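Student: could you look at this predicted model? Sequence included:
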Amino acid sequence: MIVLWAALGIGLALAFELVLGRFVPDATRYVAVMTLPLIAYALRTSQRSSMLVGCVSGLLEDYWIEPRLFGLNGLVKTILGWALGGIGARFDLNNFWGRFASGASVSLVEEGLQTALRRLFGEAVAPVGIATLGIRAVAGGLLTAAVLVIVSKFGASRRAPRQKARKV
Amino acid sequence: MAAVTPARANALLLGVMTFAQLLLIAASVRGSMAASAVAAAVGVASRPVVAPEQSVSGVLLDLVHFFRDVHADERENVKLKLEVTRLAGELERTKALSEENTRLRRLLGMHEDLVPKSIGASVVTARLAGQSRVILVDRGEADGVRPDMAVVAWGGAVGRVVSVEREFARVRLLSDPNSGASGVITRSRVEGMIVGRGGEPMEMVYVPKYADVAVGDRVITSGLDGVFPRGFGLGRVTVVGEPVGASKSIRLVPEVDDRGIEDVLILLEPSGTKLLAPEEPEVRP
């Protein structure tokens, strides 16, 4: 069942990323939709599942949107899943500020790791402005917090009937 | 023997996955078949998500266009009538110029193929991030699209095809940091290389510091890079800074705004880049 939910989450994120790129392409500079499944899994489940979800969502992103380095986003998101999953296992980040901080930091670290790996594989990299990074962090944080609120509410409503059944 | 804790197991898994994906990236850089096979598998797995997304996006896009068009139609009609009158005069003049042009080319003993064979394509999605600026278009190998073909839009050059699948192609935009095109300033015929800088204005490099360049100059493709035919708009000079080393520091805004690209032309047979061999002289009896 967990695999099905993960597939659904990644599929929705991919669809949203593609729609965003078609209608508001400039937003893709600031918003990393494909990191949402890995953050959700890192904060709500285990380190291992967040790594695997990160890897799959990254490879999908590579296939559809990365022009040259297939595997780059997969690698970056696997590392992010491992790191955030580890932190999420030690601290309770499943609250508004925890989610906001996770979203913001993942957005920034993702940009840094991508830049470093592109350099490693001989690609030219453009300078990134502080303002862009700031907007990216705030947008990532807010989006993560908003999406995880919806996921939590949905999760709670899914669990509710089961609890009632147990009482009966 | 120490027990394998979950943390250790995860670290081990991370190591294995990192190594495997580094190999995958290296393979894709070398253009290996293994990387293509993995990519194809990922593509097949994700197609059930993308197909409905494309249909829904298409319907949404049609709706947006419909409402926008209804508003714009009336004003456009009046404008077009005036434009038609103006263009009728212009056409006559162009015909005369074209005849003169043909005559002069004959005199010079050469001809040039000015209209490259092309195919229209719609943008499926775009990624305009700082380090990677790419669009996905709905034409692929099945339509004759191949890597390294030039992509243009109304107004100027857009980018270059970097990879092709059966039904779609990825196009790296000129504003991508790894893009480059040779350009020439129309006013002074100064040549240089146009390189992308992510979301920032593009840069013209390899321009001698004493070259005649001014703010507002228009830059077009020179055709020397072997990808873009000459004559497509690249951008307009916005900043001419202090020389860095032997080269002038020139920034330009692109002619085609990446954010507004919806339809493009892929040039299937880039021509107009080279002057062809002189025509056979006519044999008179």
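Tutor: Yep, that arrived.
Student: show me where chain B has strands.
Tutor: When assigned using DSSP state E, the strands of chain B occupy the ranges B:117-128, B:133-137, B:150-153, B:156-164, B:169-173, B:180-185, B:191-197, B:200-205, B:218-221, B:233-244, B:247-254, B:263-269.
Student: stretch A:43-51 near chain B anywhere?
Tutor: Yes. Interface with chain B: stretch A:43-51 contributes A:Ser46, A:Gln47, A:Arg48, A:Met51 (Cβ under 8 Å from any Cβ of the partner chain). Where C-beta positions appear, they are placed from N, C-alpha and C, glycine not excepted.
Student: would you reformat those residues as a markdown table and include neighbour count, distance to B:Thr85 and secondary structure?
Tutor: Compiled in a markdown table, the residues of stretch A:43-51 next to chain B are given as follows (neighbours: other Cβ atoms under 10 Å in any protein chain shown; distance: Cβ to Cβ, whole Å; DSSP: H, G, I helix; E, B strand; the rest coil):
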| residue | neighbour count | distance to B:Thr85 | secondary structure |
| --- | --- | --- | --- |
| A:Ser46 | 16 | 71 | coil |
| A:Gln47 | 25 | 71 | helix |
| A:Arg48 | 17 | 71 | helix |
| A:Met51 | 27 | 66 | helix |
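Student: out of the strands of chain B, nearest to chain A?
Tutor: Ranking the strands of chain B by their distance to chain A (criterion: Cβ to the nearest Cβ) puts strand B:117-128 first, at 3.6 Å.
Student: now do the closest one and strand B:169-173, the angle between them.
Tutor: Strand B:117-128 and strand B:169-173 are oriented at 70 degrees to each other (axes from the mean of the first three to the mean of the last three Cα atoms, to 10 degrees).
Student: mean confidence score for strand B:117-128?
Tutor: The pLDDT scores in strand B:117-128 average 89.
Student: neighbouring strands - and their directions - for that strand?
Tutor: Here strand B:117-128 has these sheet partners by DSSP bridges: strand B:133-137 (antiparallel), strand B:263-269 (antiparallel).
Student: need the winner for burial among those.
Tutor: Counting by mean count of other Cβ atoms under 10 Å in any protein chain shown, strand B:133-137 has the highest mean neighbour count of the strands paired with strand B:117-128, with a mean of 26.
Student: now do that strand against strand B:191-197, angle only.
Tutor: Going by the same axes, to 10 degrees, strand B:133-137 makes 90 degrees with strand B:191-197.
Student: for the strands of chain B, could you give me CSV that also reports distance to B:Gly31?
Tutor: Shown next, in CSV, are those (distance: least, Cβ to Cβ, whole Å):
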stretch, distance to B:Gly31
strand B:117-128, 21
strand B:133-137, 18
strand B:150-153, 21
strand B:156-164, 10
strand B:169-173, 14
strand B:180-185, 20
strand B:191-197, 22
strand B:200-205, 27
strand B:218-221, 26
strand B:233-244, 28
strand B:247-254, 29
strand B:263-269, 21
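Student: show me the contacts for the residue of the stretch 151-285 of chain B found nearest chain A.
Tutor: The minimum distance from the stretch 151-285 of chain B to chain A, using Cβ to the nearest Cβ, falls at B:Gly198 (3.0 Å). B:Gly198 makes contact with A:Ala126, A:Pro127, A:Val128, B:Ala129, B:Gly130, B:Gln131, B:Arg133, B:Ser175, B:Asp176, B:Pro177, according to Cβ atoms under 8 Å, 6 or more residues apart in numbering or on different chains.
Student: and it, its phi and psi?
Tutor: Main-chain torsions, B:Gly198, degrees, to the nearest 10: phi 70, psi -130.
Student: number of nearby residues for residue 124?
Tutor: Here I'm looking at chain A. Close neighbours of A:Ala124, defined as other Cβ atoms under 10 Å in any protein chain shown, add up to 16.
Student: not quite, I wanted chain B
Tutor: 22.
Student: alright, calling it a day.
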